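Trainee: 3D model of this:
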Amino acid sequence: MGSLRAQGGVRTFLPSSASQTGHRLPVIELTGVARNQSDAVRSYSSQNKQGSNGRLSCIHVICIASTVCVWYASSLILTAANKYTFDTLQIPLPLSVTFLHFSFIALILRLCFCAFPTLFPPLPSLPLSSLLSLIAPMAILAAADVALTNFSYHLIPISTLTLIKSSLVFFTYLLSIACGLEPFKLNTFATVVVIMVSICLTVPEMKVKRLLGVAVAFGAVFVGALRWVLVHRAFKLYPNLSILQLLLLMQPMASIALSPVVAFYELPHFIDSLADLFDPSRLFAAAVVTASGVVVAVVVVFSEFQVVSLTSSVSLCIAGVGKEILTIIMSMVIFDEVLSSLVLLGTACFLHLMVCCAQCLQSREYYITVG
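Mentor: Numbering: from 1, shown residues only. Modelled structure (predicted):
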């Protein structure tokens with residue numbers, strides 16, 4: 001060990017091989033250390049981003065699943081209530097009930113927006129041209145869809161109506177392609193065509209009271225497909241427009257569109273026939289069921305729009321497979337509808353094709369799109 005005297009007179013001891021100048025690492029070594037640290041930071045950030053995307057995807061799936069479950073339950077309750085009112089109680093007021101549903105939904109939304117401004121988004125404001133070209137057609141189509149569906153309840157069984165309404169995926173997919181919302185895919189197109197053919201072959205084997213009900217149901221299907229395609233397009237054009245804001249714009253217009261038909265056609269006919277069909281207990285039961293159905297209708301409409309906003313209009317149709325199965329089971333258990341073996345076979349084949357169509361769409365990531 002050699003001894004060196006520091007400038008302050010303090011003796012220090014260093015190895016004789018030590019340099020008297022400050023020790024420095026080579027520049028290339030420092031650069032390598034910096035590069036390794038930078039790579040580590042980037043790797044950590046990438047892992048955090050992947051973890052964040054995974055959490056977002058998981059939350060997205062949970063939101064879709066919970067919304068679909070709420071839609072299933074509320075839709076089954078509303079279907080049973082409408083069937084009981086229009087067919088069992090023989091109250092011929094499908095348009096009036098639809099008008100009440102839309103009017104109360106609009107009233108409830110308006111009250112919520114005014115009473116709880118901090119909990120809801122601001123009142124929507126769109127140009128008049130957009131209101132007339134986009135919102136008004138959606139409102140009219142929504143009113144026509146629900147009204148035609150309610151009108152067909154006392155004409156055909158629930159199982160027949162459910163099977164016909166299942167062709168919604170065929171018309172929705174074609175209209176979505178025409179509007180540029182969905183790309184054309186041959187295997188998906190072939191699947192929806194086979195679905196439509198199987199429905200057309202199965203419906204004639206079912207017990208139908210009047211063929212008019214079949215025509216009305218198919219009319220409701222086409223109107224409903226156009227309605228949901230326009231809703232999907234609205235969310236694409238105005239991504240900042242929330243579901244509640246869109247409903248607040250649509251529901252009053254739908255009520256206004258129905259009001260002339262209800263006031264000048266349906267109610268006068270019902271009042272004229274009321275003298276022969278007057279039954280206080282039946283009217284009271286219809287009033288209770290209709291009032292309860294208003295609350296359920298709010299949940300149904302909101303959940304449907306939520307599914308479309310989270311996925312797409314075609315995905316809404318695909319998600320309806322489970323609801324259709326449960327609806328057919330409900331029609332057989334509660335309303336004692338009987339399906340022949342041929343109809344059951346055709347329905348099973350159709351539902352299998354719907355699952356195949358869902359797999360085709362899922363392969364193109366129609367269900368879940370995260371950021």
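Trainee: what are the boundaries of the strands in the stretch 1-150 of the chain?
Mentor: According to DSSP state E, counting those that start in this stretch, the stretch 1-150 of the chain carries its strands in the segments 2-5, 11-14.
Trainee: state the mean pLDDT of the last one.
Mentor: In this model, strand 11-14 carries a mean pLDDT of 44.
Trainee: cool, and the first one?
Mentor: Over the span of strand 2-5, the pLDDT mean works out to 46.
Trainee: swap in stretch 316-331?
Mentor: If you average the pLDDT over stretch 316-331, you get 77.
Trainee: pull that stretch out as PDB, backbone CA atoms only.
Mentor: The C-alpha atoms that make up stretch 316-331 are tabulated as PDB, following Å, rounded to 0.1, in the frame of the first residue of the first chain:
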ATOM      1  CA  LEU A 316     -77.800  -7.600 -31.600                       C
ATOM      2  CA  CYS A 317     -79.600 -10.100 -33.800                       C
ATOM      3  CA  ILE A 318     -77.100 -12.800 -33.100                       C
ATOM      4  CA  ALA A 319     -77.400 -12.200 -29.300                       C
ATOM      5  CA  GLY A 320     -81.100 -12.800 -29.700                       C
ATOM      6  CA  VAL A 321     -80.600 -16.500 -30.200                       C
ATOM      7  CA  GLY A 322     -80.700 -17.300 -26.500                       C
ATOM      8  CA  LYS A 323     -83.800 -15.000 -26.100                       C
ATOM      9  CA  GLU A 324     -85.600 -16.800 -28.900                       C
ATOM     10  CA  ILE A 325     -84.900 -20.200 -27.400                       C
ATOM     11  CA  LEU A 326     -86.300 -19.000 -24.000                       C
ATOM     12  CA  THR A 327     -89.300 -17.400 -25.700                       C
ATOM     13  CA  ILE A 328     -90.200 -20.600 -27.500                       C
ATOM     14  CA  ILE A 329     -89.800 -22.600 -24.300                       C
ATOM     15  CA  MET A 330     -92.000 -19.900 -22.500                       C
ATOM     16  CA  SER A 331     -94.700 -20.200 -25.200                       C
END
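Trainee: what's the distance between it and the middle of its chain?
Mentor: Averaged C-alpha coordinates place stretch 316-331 at 14 Å from its chain's average position (C-alpha atoms, centre = their mean, to the nearest Å).
Trainee: flag every buried residue along it.
Mentor: The neighbour-count criterion (16 or more other C-beta atoms under 10 Å) identifies 316-321, 323-328, 330-331 as the buried residues of stretch 316-331. No exception for glycine: its C-beta is placed from N, CA and C like everyone else's.
Trainee: Throw those residues into CSV and include distance to R210 and secondary structure, thanks.
Mentor: Shown next, in CSV, are the buried residues of stretch 316-331 (distance: C-beta to C-beta, whole Å; DSSP: H, G, I helix; E, B strand; the rest coil):
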residue, distance to R210, secondary structure
L316, 29, helix
C317, 26, helix
I318, 30, helix
A319, 30, helix
G320, 25, helix
V321, 28, helix
K323, 25, helix
E324, 22, helix
I325, 26, helix
L326, 26, helix
T327, 21, helix
I328, 20, helix
M330, 22, helix
S331, 18, helix
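Trainee: now do the same contact list for the residue positioned nearest the centre of the chain.
Mentor: With distances taken as C-alpha atoms, centre = their mean, the chain has V307 as the residue nearest its mean C-alpha position (2.3 Å). Contact analysis of V307 by C-beta atoms under 8 Å, 6 or more residues apart in numbering lists 64, 67-68, 71, 315-316, 319.
Trainee: S309 touches I243, doesn't it?
Mentor: Yes. Using C-beta atoms under 8 Å, S309 is in contact with I243, at 5.6 Å.
Trainee: show me which of the contacts of V307 is closest to L141.
Mentor: Out of these, the one with the shortest distance to L141 is L316. That distance is 14.6 Å, counting by C-beta to C-beta.
Trainee: you'd agree that closest one is up against L310?
Mentor: No. Assessed by C-beta under 8 Å, L316 is found out of contact with L310, at 9.6 Å.
Trainee: nearest spatial neighbour of V261, chain-adjacent residues omitted?
Mentor: The spatially closest residue to V261, leaving aside those adjacent along the chain, is L95, at 5.6 Å (C-beta to C-beta, 6 or more residues apart in numbering).
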